[in-house]
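Engineer: Below is the sequence, then the predicted model.
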Amino acid sequence: MAEFNIYVIELDKKVLEKKKFLARNPSYNPTKPCVYIGQTAKTPEERFEQHKNGVRSNTYAREFGKYLRPRQYEKYNPLATRKKAEAKEKWLAERLQKKGYGVWWN
């Protein structure tokens with residue numbers, strides 16, 4: 001049985017030049033980081049490499065991804081089902097967004 005993980009990738013602040021990213025983050029606080037949050041059946045490290053290599057990658061993670069932020073997700077992993085991973089991904093994204101982070105998730 002597969003286990004699932006959520007992960008957080010720090011994005012270069014150049015992502016703020018993308019209108020679509022800014023539109024999804026109207027309460028962005030410039031002192032906070034920009035991040036991409038995802039979930040996967042792979043390890044966060046494997047998934048980050050896929051994004052950077054253009055394999056099933058999100059454009060923001062591929063173009064602006066700098067590194068993983070394990071302190072923001074390790075305590076939640078692993079998750080037993082994809083449904084639980086998707087719910088935790090959404091929860092974490094909304095939580096960070098409320099704190100003023102620039103956040104993208106699918």
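Structural biologist: The structure has been received and is ready for your questions. Since we're looking at a predicted model, the values are computed, not measured. Residues are numbered from 1 along each chain as shown.

Engineer: For the lengthiest helix in the chain, which outside residues touch it?
Structural biologist: For the chain, the longest helix by residue count, based on DSSP state H, is helix 82-98. Helix 82-98 is contacted from outside by 4-6, 8, 25, 27, 35, 37-41, 72-73, 76, 79, 103, 105, using C-beta atoms under 8 Å, 6 or more residues apart in numbering. No exception for glycine: its C-beta is placed from N, CA and C like everyone else's.

Engineer: Could I get the buried residue list for it?
Structural biologist: For helix 82-98, the neighbour count (16 or more other C-beta atoms under 10 Å) marks 85-86, 88-89, 92-93, 96-97 as buried.

Engineer: C-terminal to it, what's the next element?
Structural biologist: strand 102-104 (DSSP states H and E).

Engineer: List the neighbouring strands of that following strand plus their orientation.
Structural biologist: Here strand 102-104 has these sheet partners by DSSP bridges: strand 34-40 (parallel).

Engineer: now the partner strand against helix 82-98, angle please.
Structural biologist: Strand 34-40 runs at 170 degrees relative to helix 82-98, counting by axes from the mean of the first three to the mean of the last three C-alpha atoms, to 10 degrees.

Engineer: Could I get the average pLDDT for whichever helix or strand comes after strand 34-40?
Structural biologist: Moving toward the C-terminus from strand 34-40, the next helix or strand (DSSP H and E) is helix 44-52. Averaged across helix 44-52, pLDDT comes to 98.

Engineer: so what secondary structure elements neighbour the very next helix or strand once past helix 44-52?
Structural biologist: Remark: after helix 44-52, the chain's next helix or strand is helix 59-64, criterion DSSP H and E. Contacts defined by 3 or more C-beta pairs under 8 Å, 6 or more residues apart in numbering; DSSP states H and E place helix 59-64 against strand 5-11, strand 34-40, helix 44-52.

Engineer: any low-confidence regions in this structure?
Structural biologist: Within the chain, the stretches with pLDDT under 70 are 1.

Engineer: ok, the buried residues of helix 82-98 vs His51, which is closest?
Structural biologist: The closest of those to His51 turns out to be Glu89 (C-beta to C-beta; 14.6 Å).

Engineer: need the contact list for the residue nearest to that closest one when sequence neighbours are not counted.
Structural biologist: Excluding its sequence neighbours, the residue lying closest to Glu89 (C-beta to C-beta, 6 or more residues apart in numbering) is Gln39, at 4.5 Å. Applying C-beta under 8 Å, 6+ apart, one finds that Gln39 lies in contact with 4-7, 79, 82, 85-86, 88-89.

Engineer: Brilliant, that's me finished.
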